[in-house]
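Novice: give me a model of this one.
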Amino acid sequence: MSDLSKSEIEKISKLLLMLSSDKSGEVSAAASALIRVLKANGKDLHDLTAALRQPPIKIVYEEDWRNVAKECLNCRSIFSEKEQKFLQDMSHQMRDPTEKQENWLRILHDKMRRSGR
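Specialist: Prediction:
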């Protein structure tokens, strides 16, 4: 599924969220649209579930997590004040990040990469 464009991934994400609607017509339309988007990209629900089962790619490693935070800070405009403060703190933190901090740093790094910066 990594060969999908950013816009296709966004469509799929929105359609997956629409499946939680309390309106059966919206759920049905979202399911149909999801299948159409996947099919247009040569994929099906089996490919989607296989991608969801794979562990996330670990981008942040012990030896470079400060550099990842600094790299993200080069794109400040895409982050909220809270995210910027976190990245600033992480770029100077001497101790290893907690699992929660590492996960949030990975999420912010992914956000930066998806923004095309």
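Novice: from here on, just use CA atoms for contacts and neighbour counts.
Specialist: OK.
Novice: buried residues in the helix or strand Ser91 falls within?
Specialist: Element membership of Ser91, judged by DSSP states H and E, is helix 81-92. For helix 81-92, burial by neighbour count (16 or more other C-alpha atoms under 10 Å) applies to 83-84, 86-88, 90-91.
Novice: adding pLDDT and distance to Ala29, write those residues out as a markdown table.
Specialist: Shown next, in a markdown table, are the buried residues of helix 81-92 (pLDDT from 0 to 100; distance: C-alpha to C-alpha, whole Å):
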| residue | pLDDT | distance to Ala29 |
| --- | --- | --- |
| Glu83 | 96 | 35 |
| Gln84 | 96 | 38 |
| Phe86 | 96 | 39 |
| Leu87 | 95 | 40 |
| Gln88 | 95 | 43 |
| Met90 | 92 | 43 |
| Ser91 | 91 | 45 |
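Novice: export those to JSON lines and tack on distance to Ser13?
Specialist: Formatted as JSON lines, those follow (distance: C-alpha to C-alpha, whole Å):
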{"residue": "Glu83", "distance to Ser13": "22"}
{"residue": "Gln84", "distance to Ser13": "25"}
{"residue": "Phe86", "distance to Ser13": "26"}
{"residue": "Leu87", "distance to Ser13": "26"}
{"residue": "Gln88", "distance to Ser13": "29"}
{"residue": "Met90", "distance to Ser13": "29"}
{"residue": "Ser91", "distance to Ser13": "30"}
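Novice: distance of Arg53 from Glu99?
Specialist: Applying C-alpha to C-alpha, to the nearest Å, the value for Arg53 to Glu99 is 20 Å.
Novice: least confident secondary structure element in the protein?
Specialist: The helix or strand of the chain with the poorest confidence is helix 45-53; it has a mean of 86 (mean pLDDT, DSSP states H and E).
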